[in-house]
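Visitor: Curious how this folds, go ahead:
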Amino acid sequence: MQYRPLGRTGIEVSLIGLGTMTWGEQNTEAEAFEQLDYALERGVNLIDAAEMYPVPPRAETQGRTETYIGAWLRARRCREQVVLATKVAGAADSMPWLRGGPRLVREQMEEALQRSLERLQTDYVDLYQVHWPARSTNYFGQLGYEHVPDEDATPIVETAAVLEDFVRDGRVRAIGISNETPWGLMQWLRAAEQGNAPRVASIQNPYNLLNRSFESGLAEMSIREDVGLLAYSPLAFGMLSGKYLGGVQPEGARLTLFERFSRYSNPQGVAATEAYAELAREHGLTPAQLALAFVNRQPFLTSNLVGATRLDQLAENIASVEVQLNDDVLDAIEAIHARYTYPSP
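Guide: I've put the predicted structure just below:
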């Protein structure tokens, strides 16, 4: 396994991180334990969760993912071996079961962190992230920015001050942001420079062969400011594994079970996936190896967050650290990207 610095914190995280959002919905506790054991044995130390997991979010399952992780940490007694990351939900009226609709204000954030710590059976998290902004902006696949006045949105500096207190009292070691824009990252950095917040260590946004929008604006900021990307959806909800090609709907697969995950399955996304899968076959790679190795090599990447419902999938994902793409493959990827520049948001 390779390791990279988490911002300027002095914490080292594995190039492959373990995403957990299927646990409690598509995966049982026993399967979660199996994945955690396998990942830890192979040098994966970053475990990424969220208070709202599993996804799709439901009142009956909310928090179950963290509960599974907490039970594993207690059973294995390995808390110091992992970098534990979780997230506080951004503003949302669509989840009334979560504090009546989550908001990034002090009272709610205090409750969110305390409940996460209880479920995780620990007294601190290594990385506490804001899952999405309080303001209306482009995230979760939104295209075509339309400015919406945000007088009712909790200011970043106010949320940052709460996180500062979490770090000061030792319940959080470092903070991160997620589903953010260049403007949002700039505001977080400004808050830190003005002494109102800890410095953000990471930004968790989508990045994959079907969605390279991070490269425009955020990539330069990420490198220059040491705020590395925690890349989520590196296989585009499994599309880039090639398992859905030809209209196949594998039993139990995410896109088979949940129609809401359609971001990458439009005609352009399917055509691009077919092209990448063919390229992988031409060079003796699986589609997943090609897709993950491309993410792994990016200079702005801190960790590539892989998720899996089966152990063989996780094994292939972790093994991508050994795959090196030659110049011919990289040139071919850019040629496909020129044809399907942003097939999916």
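Visitor: low pLDDT regions in the protein?
Guide: Along the chain, the parts satisfying pLDDT under 70 run over 247-262, 344-345.
Visitor: ok, now which ones touch the spatially most central residue of it?
Guide: In the chain, the residue lying closest to the centroid (CA atoms, centre = their mean) is residue 232, at 3.5 Å. Residues in contact with residue 232 (CB atoms under 8 Å, 6 or more residues apart in numbering) are 19, 48, 204, 205, 206, 207, 305. (C-beta placed from N, C-alpha, C; glycine too.)
Visitor: 10 Å instead, please
Guide: Counting by CB atoms under 10 Å, 6 or more residues apart in numbering, residue 232 makes contact with 17, 19, 21, 48, 178-179, 204-208, 303-307.
Visitor: Which member of these is positioned nearest residue 124?
Guide: Nearest to residue 124 out of the contacts of residue 232 is residue 48 (CB to CB; 15.8 Å).
Visitor: and the gap between the closest residue to the closest one other than its chain neighbours and residue 236?
Guide: Spatial nearest neighbour of residue 48, excluding adjacent residues (CB to CB, 6 or more residues apart in numbering): residue 85 at 4.6 Å. Going from residue 85 to residue 236 by CB to CB, to the nearest Å gives 21 Å.
Visitor: With residue 319 instead?
Guide: Distance, residue 319 to residue 236, using CB to CB: 19 Å.
Visitor: Specify which residue of these two has the higher count of neighbours.
Guide: Set residue 319 next to residue 236 and count neighbours by other CB atoms under 10 Å: residue 236 wins out with 26 against 15.
Visitor: Just give the closest residue to that one, not the sequence neighbours.
Guide: Counting by CB to CB, 6+ apart, residue 236 lies nearest to residue 264, which is 4.1 Å off, once chain neighbours are set aside.
Visitor: I'd say that neighbour and residue 238 touch.
Guide: Yes: judged on CB atoms under 10 Å, residue 264 makes contact with residue 238 at a distance of 8.8 Å.
Visitor: Please say which of the two ends up with more neighbours.
Guide: Per other CB under 10 Å, whichever of residue 264 and residue 238 has more neighbours is residue 264, with 28 against 23.
Visitor: which residues sit in contact with the more buried one?
Guide: Counted by CB under 10 Å, 6+ apart, residue 264 has contacts 141, 206, 208-211, 233, 235-240, 244, 255, 270, 272-273, 343-345.
Visitor: Go again with 7 Å.
Guide: Listed by CB atoms under 7 Å, 6 or more residues apart in numbering, the contact partners of residue 264 are 210, 236, 237, 239, 344.
Visitor: before we move on, what about residue 51?
Guide: Here residue 51 is in contact with 63, 66, 86, 87, 88, 89, 112, 115, 116 (CB under 7 Å, 6+ apart).
Visitor: what about the first one, neighbour count?
Guide: Spelled out, it's residue 63. By other CB under 10 Å, neighbour count at residue 63 equals 21.
Visitor: The third one too?
Guide: The tally of other residues near residue 86 (other CB under 10 Å) stands at 28.
Visitor: Can you classify it as helix, strand or coil?
Guide: strand (DSSP: H, G, I helix; E, B strand; the rest coil).
Visitor: Could you shift the numbering so residue one becomes 11, and keep it that way?
Guide: Sure, I'll start numbering at 11, so the last one becomes residue 96.
Visitor: Contacts only, for it.
Guide: Contacts of residue 96 by CB under 7 Å, 6+ apart are 59, 60, 61, 76, 126, 130, 135, 138.
Visitor: Distance check, it against residue 283.
Guide: Residue 96 is 31 Å from residue 283, by CB to CB.
Visitor: go on, the fifth one?
Guide: To residue 283, residue 98 is 33 Å away according to CB to CB.
Visitor: do the same with the first one
Guide: Residue 73 sits 33 Å away from residue 283, taking CB to CB as the criterion.
Visitor: residue boundaries of the helices in the stretch 111-260 of the chain?
Guide: Listed in chain order, the helices of the stretch 111-260 of the chain (DSSP state H, counting those that start in this stretch) span 116-130, 166-178, 192-203, 228-235.
Visitor: Output the ones you listed in a markdown table; the columns should cover distance to residue 42.
Guide: Output for the helices of the stretch 111-260 of the chain, formatted as a markdown table (distance: least, CB to CB, whole Å):
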| stretch | distance to residue 42 |
| --- | --- |
| helix 116-130 | 13 |
| helix 166-178 | 26 |
| helix 192-203 | 31 |
| helix 228-235 | 30 |
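Visitor: Nearest to residue 68 among the contacts of residue 274?
Guide: Of all these, residue 247 has the smallest distance to residue 68: 18.2 Å, by CB to CB.
Visitor: Would you mind measuring from that closest one to residue 124?
Guide: Taking CB to CB, one finds residue 247 at 32 Å from residue 124.
Visitor: Which of those two has more residues huddled nearby?
Guide: residue 247 (22 against 11).
Visitor: How much space separates that one from residue 301?
Guide: For residue 247, the distance to residue 301 - CB to CB - is 12 Å.
Visitor: that older thread, need the max-distance pair from the contacts of residue 96.
Guide: Distance extremes for these: the farthest pair is 76 and 138 at 12.4 Å, using CB to CB.
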